[in-house]
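>>> Starting from these lines, generate the structure:
(2 chains)
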Amino acid sequence: QQKVQQSPESLIVPEGAMTSLNCTFSDSASQYFAWYRQHSGKAPKALMSIFSNGEKEEGRFTIHLNKASLHFSLHIRDSQPSDSALYLCAVSLASSSFSKLVFGQGTSLSVVP
Amino acid sequence: GGIITQTPKFLIGQEGQKLTLKCQQNFNHDTMYWYRQDSGKGLRLIYYSITENDLQKGDLSEGYDASREKKSSFSLTVTSAQKNEMAVFLCASSGGCAETLYFGSGTRLTVL
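Residues are numbered from 1 along each chain as shown, chains lettered A, B, ... in the order given. Predicted coordinates for the structure are as follows:
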């Protein structure tokens, strides 16, 4: 059964800093990797996703994926107080037929002014 | 854009009581999900449904039943509420495999 682990559990960074969040997964056949963000009391919302090894950038957010090391990460450049939230990584096995997402336990990020 | 509506937002029940949570989506998505989130933690899948009248058990299905009567709605029943399952229950939908999940704001369950 797929295991998805996130680190750190919580993180406090100053405004303007680079934030790095990590996610490891157990099944090397995994095909789809995503990050979700959940502000306090709100619904989780998809941030970014990636299928192949490498890097993908959208604005201040970058995903790195290394399938060989079973690891992917989210990097937030110039972190803002509005980025304070619970960040959830998610992994799926299949790309061409239905497969459910397995979520990590989350990293709670606080960006302090 | 679409929306996922969960009712009620807050649900209070007695231990042993049968309780039902409802979810409606207007994305016209085929797949719907129920996840449980315990106090600031990750999401665990309870049930999902690939299409109308389909039901699939997730990792946490024991103690729950689900029903997908039509494409737009997905209900979850807690068959006998227990104090250790106080949590936020999140409904989601997606257009298919590896598609983005769209979540509702959740139903917070309290068991007295």
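>>> What residues does chain A have near chain B?
Contacts of chain A with chain B, taken as Cβ under 8 Å from any Cβ of the partner chain, map to A:1, A:4, A:6, A:31-32, A:34, A:36, A:41-46, A:49, A:51, A:86, A:88, A:92, A:94-106, A:108. C-beta here means a position set from N, CA and C on the backbone, and glycine is covered the same way.
>>> Tell me how many other residues crowd B:Gly16.
Residues within reach of B:Gly16, counting by other Cβ atoms under 10 Å in any protein chain shown, total 10.
>>> I'd say it and B:Ser80 touch.
Yes. Applying Cβ atoms under 8 Å, one finds B:Gly16 in contact with B:Ser80, separated by 5.3 Å.
>>> list residues touching both of the two?
Here B:Gly16 and B:Ser80 have no joint contacts, going by Cβ atoms under 8 Å, 6 or more residues apart in numbering or on different chains.
>>> Wait, B:Lys18 touches B:Asp65, no?
No. With contact defined as Cβ under 8 Å, B:Lys18 does not reach B:Asp65; the gap is 9.2 Å.
>>> Would you mind telling me which of these two has the busier surroundings?
Using other Cβ under 10 Å, the more surrounded residue of B:Lys18 and B:Asp65 is B:Asp65, with 15 against 11.
>>> What segments of chain A are strands?
A:4-7, A:10-14, A:19-25, A:32-38, A:45-50, A:54-58, A:61-66, A:71-76, A:85-92, A:102-103, A:107-112 (DSSP state E).
>>> Rebuild those strands as a markdown table, extending it with distance to B:Thr51, mean pLDDT and mean neighbour count.
Shown next, in a markdown table, are the strands of chain A (distance: least, Cβ to Cβ, whole Å; pLDDT from 0 to 100; neighbours: other Cβ atoms under 10 Å in any protein chain shown):
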| stretch | distance to B:Thr51 | mean pLDDT | mean neighbour count |
| --- | --- | --- | --- |
| strand A:4-7 | 26 | 95 | 17 |
| strand A:10-14 | 39 | 97 | 13 |
| strand A:19-25 | 28 | 98 | 20 |
| strand A:32-38 | 20 | 95 | 22 |
| strand A:45-50 | 22 | 94 | 17 |
| strand A:54-58 | 31 | 95 | 12 |
| strand A:61-66 | 31 | 97 | 17 |
| strand A:71-76 | 30 | 97 | 19 |
| strand A:85-92 | 18 | 94 | 24 |
| strand A:102-103 | 21 | 92 | 24 |
| strand A:107-112 | 34 | 97 | 18 |
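>>> Now tabulate those in CSV and tack on distance to B:Cys23.
Output for these, formatted as CSV (distance: least, Cβ to Cβ, whole Å):
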stretch, distance to B:Cys23
strand A:4-7, 24
strand A:10-14, 30
strand A:19-25, 27
strand A:32-38, 17
strand A:45-50, 17
strand A:54-58, 29
strand A:61-66, 29
strand A:71-76, 28
strand A:85-92, 19
strand A:102-103, 18
strand A:107-112, 26
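>>> quick one, which of the ones you listed is nearest to B:Gln24?
Smallest distance to B:Gln24 across the strands of chain A (Cβ to Cβ): 18.7 Å, for strand A:45-50.
>>> ok, that closest one: who's next to it in the sheet?
Sheet pairing for strand A:45-50, assigned by DSSP bridges, gives strand A:32-38 (antiparallel).
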